[in-house]
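A.B. asks: Any chance you can model this:
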Amino acid sequence: MKYPTIFLRTALLFCVAAVTILSACSDDDKEPIATGSTKYVLVTMSDRANSNKPGYISAFNEIPSGNISNITATSLGGFGMGGWRTYENWIFKMFDVDAYSKAIERIAVSETGVVTVDNSILPDQSTFGSGNFVIVNETQGFYWDAASPLAIQKFNPTTLQNTGSINLASAVNERGTDEEAILFRAIGQKFLAVKNGKLFTNITYAKTNGGQKGFFDDFYEDVYIAVIDIATETYESTTVIEDTGSIAYINENEMYDFDTNGDLYVVCQGRSALGTKSKIARIRANSTAVDQGWELNFTDYNETDKGKFVGVFAKDGKLILVVNTEELTGGAAGNINTADIWKFYSVDVATKVFTEITGIPAGTNPGAAKAVVEIDGKILLRGSTNTEATNGYYELNGTVATQLFNVTAGGSVSGFYKITLP
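C.D. replies: Sure, this is the predicted structure:
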């Protein structure tokens, strides 16, 4: 279904009598702590061909079942609905609903299920990837702003106000200062994660300086990740993911996840948007260095290396991945985003064996969408085909998935999350 206009959101805002601002306690995409009334929040993108990602966000009192619509009288309509980032009982978008400006935009849900925009930070708009962020706690977070590419910005997630910055030019300039082919340098543009009081942030060395500088234009074949001590705001070291490509194509999907034991898994998409040398690296729970004794290469799945990893979900020594079943092609007629060629697999970390997840059809590239979420102890998988004949979330049991609900209006599913209202 095509997105009608932004006027739906305007009409909804006049209906809002009160908005309950969400509170926060944790830093991952797992299930929040239940203390009060709950809402199950669904985001859909109504037009996959529209680069502004129009769509809707709606709130439900329970996990839906059967056929449902994501366009209701209390829905929020607007742009940037490719997915979202979550923190405990907060929901954030990386693009604002009105103009698709890069943003850290917080979404609010009322007791009656009305969805609205709460507050936002709008960073510099000149460079793709602005607004990449991570939250430490209710008062501390970090984000990247193109206006200061060699610094990490600090912000208060409760007030959504900038609280200063950390200059990390020295970490960036440890290498490549004499390389004339490096036209753009940055830190934190594509990857920000927090573990054990440390901030992990990628260092960009790009061969271009255009509108999408820093993405699949890497000067080095290795990926460099700087480690910053959060308490002292000081740079400590740099660790390396060897022989790969771009660490991420920055979007609402964080492109990393923490296993139950605290191990951090990081996705590298490869040398181009179509892949090659794509891999998943690991930083062990009590370490700040990339584990050089373990990595998962795309060639472990397909020895021809014709594809890439597009996300990761980790739990109990298993990774859930979405991988392409055909060689990727780009352009207007390409299959990378619109063809039903992406399938779910479960991968054992110890053996690296890929096991196909059945019961869910091959679908479109999840891209910015949340491909895997965990709610009420259930692991849910995004299942959405190009025609949206199949379009919902499936519950995983072992390696078999069963559909929970199917969305018939509002567009392709992009995220599903449970929040607890104060």
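
A.B. asks: Kindly export stretch 381-397 (C-alpha atoms) in CSV.
C.D. replies: Taking C-alpha atoms only, stretch 381-397 is exported to CSV below (Å, rounded to 0.1, in the frame of the first residue of the first chain):
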residue,chain,number,x,y,z
LEU,A,381,11.7,-13.4,12.8
ARG,A,382,10.6,-10.8,10.2
GLY,A,383,9.0,-12.5,7.2
SER,A,384,8.1,-10.2,4.3
THR,A,385,7.9,-11.0,0.6
ASN,A,386,8.1,-8.6,-2.2
THR,A,387,4.4,-8.6,-2.9
GLU,A,388,3.7,-8.5,0.9
ALA,A,389,1.5,-11.5,0.5
THR,A,390,3.5,-12.8,3.4
ASN,A,391,4.3,-9.9,5.7
GLY,A,392,4.6,-10.3,9.5
TYR,A,393,6.6,-11.8,12.4
TYR,A,394,7.2,-15.5,12.9
GLU,A,395,7.9,-17.2,16.2
LEU,A,396,11.0,-19.4,16.2
ASN,A,397,11.0,-22.8,17.9
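
A.B. asks: gap between that stretch and the chain center?
C.D. replies: Stretch 381-397 sits 18 Å away from the centroid of its parent chain (CA atoms, centre = their mean, to the nearest Å).

A.B. asks: average pLDDT across it?
C.D. replies: The average pLDDT within stretch 381-397 is 96.

A.B. asks: Strands along the stretch 251-400 of the chain, start to end?
C.D. replies: Secondary structure of the stretch 251-400 of the chain (DSSP state E, counting those that start in this stretch): strands located at 256-258, 264-268, 279-283, 290-297, 313-315, 318-324, 342-348, 354-356, 372-375, 378-384, 391-397, 400-409.

A.B. asks: got the ones you listed as CSV, with mean neighbour count columns?
C.D. replies: (Glycine included, C-beta is placed from N, CA and C.) As requested, these are exported to CSV (neighbours: other CB atoms under 10 Å):
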stretch, mean neighbour count
strand 256-258, 22
strand 264-268, 24
strand 279-283, 24
strand 290-297, 16
strand 313-315, 21
strand 318-324, 22
strand 342-348, 20
strand 354-356, 13
strand 372-375, 20
strand 378-384, 23
strand 391-397, 22
strand 400-409, 18
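
A.B. asks: Including distance to N132, could these go into TSV?
C.D. replies: What follows is these, written out as TSV (distance: least, CB to CB, whole Å):
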stretch	distance to N132
strand 256-258	12
strand 264-268	14
strand 279-283	18
strand 290-297	20
strand 313-315	20
strand 318-324	21
strand 342-348	24
strand 354-356	30
strand 372-375	21
strand 378-384	22
strand 391-397	26
strand 400-409	28
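
A.B. asks: quick one, which of the ones you listed is nearest to S237?
C.D. replies: strand 290-297 (11.1 Å; CB to CB).

A.B. asks: sorry, back to before: nearest to R185 among the strands of the stretch 251-400 of the chain would be which one?
C.D. replies: With CB to CB as the measure, strand 264-268 is the member of the strands of the stretch 251-400 of the chain nearest R185 (18.8 Å).
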